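Participant: kindly return the folded structure for what I paste below:
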Amino acid sequence: MSVVYLVRQGTTLHRKDGSLLLCQGKRPVEKIPADELDRLVVLGAVTLSPSAVSFLLSRGIDTVFLSFYGRYLGRLNAGTRKNVYLRLQQYDRLRDAPFRLAMARQIVRAKVLSQTGVLESRLKDGPNPVLSRGREQLLEAAAGAARAGDLASLRGFEGRAGAVYFRCLEELLRTPDFVFHGRNRRPPKDPVNVMLSLGYTLLLAALEREVEQSGLDPGVGCFHELEYGRPSLVLDLQEEFRVPAVDLVVLRACNRRVMRLQDFYFPDRMAEEARDLAEFSELRREAPVVLTYEGYRKFIGLFESRCGERLSVRTLSGGEGAAGGRRHELRALFRRQVARYVRAVKGEEEYEPVVWDSRR
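Facilitator: Residues are numbered from 1 along each chain as shown. Below is the predicted model of the structure:
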């Protein structure tokens, strides 16, 4: 699989014979061979010529559009799989309230247990009262999620767990350069939240592609509310991967000083190219913190590298099922879990999300 990110602002993508050519004005910047290109991610003010759009569609190259601030805008593809029978099964199963609640419980428990594992991994280095208390609260939330009687109470447990987890995240940062006082977004207001938001967006785009290729309807999930235009199923599947695919990448990038403050634009020194007026013209005076061009390149490289890593994960039951107790490439796990969700919709097996295994 080959994924290419177009980050350089003010460029235009053209078709050139059997390849793609990125130009700054009339000057060629980069030639992109299309033979092994699987996905193209376009950030901000990058233009696609009509010939490039036609070429991408004819080759079936999944093309994702993000704003310069990393907000997911949409995608270009030649149409989703037309597996209407699978979708009918999906709709029928998700009208079954007990089935939907059981699936949602599993999703939330797996997410919270992965978050717990992040704190436990740090506690191996020595006692920390804040993290110890946070671990206890997360385990309580996971137990509460397992017995939640409806989706509303389940969402309450998930929300409380998130608040505890992000309060503890500050304890996990080991460099004074990066300060984190809790989760904020739309737009994110500090470098750590910028990286978290972008990482979650990249993760969502990767999972949405797998869901569409499976034939499932990405808009119909179990845990997230149905809403016009919302990819609820993708958001459901994203939960179990937030920790291993994004949170740990951000912590590693900060603590190892791979990412630095120079990789971000701040409102008092915002370059003109960092102002995406189509999205934030009304907030020009309150322009958020954003990654620089080099910052984008570095963080995207970290995310893609992580997707190719082999990680230790387990299922909730601890069995050897789809993933239990073994090391798997993260990108392959995206596809494997979507396939497992399909089998659950068909009634062939129960769906078990994966949990990041901090013990290995």
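Participant: hey, let's count contacts and neighbours off CA atoms from now on
Facilitator: Noted.
Participant: what's the helix or strand for residue 114?
Facilitator: Following DSSP states H and E, one finds residue 114 within helix 97-123.
Participant: mind checking how far that helix is from the chain centre?
Facilitator: How far helix 97-123 lies from its chain's middle: 16 Å, per Cα atoms, centre = their mean, to the nearest Å.
Participant: which elements pack onto that helix?
Facilitator: Counting contacts by 3 or more Cα pairs under 8 Å, 6 or more residues apart in numbering; DSSP states H and E, helix 97-123 packs against helix 84-94, helix 129-146, helix 151-172, helix 232-239, strand 354-356.
Participant: could you redo the last one with a cut-off of 10 Å?
Facilitator: Here helix 97-123 is seen to pack against helix 84-94, helix 129-146, helix 151-172, helix 232-239, helix 242, strand 310-315, helix 330-345, strand 354-356 when contacts are counted using 3 or more Cα pairs under 10 Å, 6 or more residues apart in numbering; DSSP states H and E.
Participant: tell me who's in contact with residue 223.
Facilitator: With contact taken as Cα atoms under 10 Å, 6 or more residues apart in numbering, residue 223 is in contact with 100-108, 151-152, 154-155, 232-233, 235-237, 239.
Participant: point out where the stretch 101-250 of the chain drops to low pLDDT.
Facilitator: Scanning the stretch 101-250 of the chain for pLDDT under 70 picks out no residues.
Participant: with just CA atoms, put the helix or strand residue 250 falls within into CSV.
Facilitator: Using DSSP H and E, the element containing residue 250 is helix 248-255. The C-alpha coordinates for helix 248-255 follow below in CSV (Å, rounded to 0.1, in the frame of the first residue of the first chain):
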residue,chain,number,x,y,z
LEU,A,248,1.0,6.9,21.9
VAL,A,249,2.4,8.5,18.8
VAL,A,250,1.8,12.0,20.2
LEU,A,251,3.4,11.1,23.5
ARG,A,252,6.4,9.5,21.8
ALA,A,253,6.8,12.5,19.5
CYS,A,254,6.8,14.9,22.4
ASN,A,255,8.9,13.0,24.9
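Participant: any idea how far it is from the middle of the chain?
Facilitator: Here helix 248-255 is found 15 Å from its chain centre; the criterion is Cα atoms, centre = their mean.
Participant: how much does that helix deviate in direction from helix 151-172?
Facilitator: Relative orientation of helix 248-255 versus helix 151-172 (axes from the mean of the first three to the mean of the last three Cα atoms, to 10 degrees): 20 degrees.
Participant: ok, residues contacting helix 248-255?
Facilitator: By Cα under 10 Å, 6+ apart, helix 248-255 touches 118, 169-170, 172-178, 191-196, 199, 242-243, 246-247, 256-261, 298-299, 302-303, 305-306.
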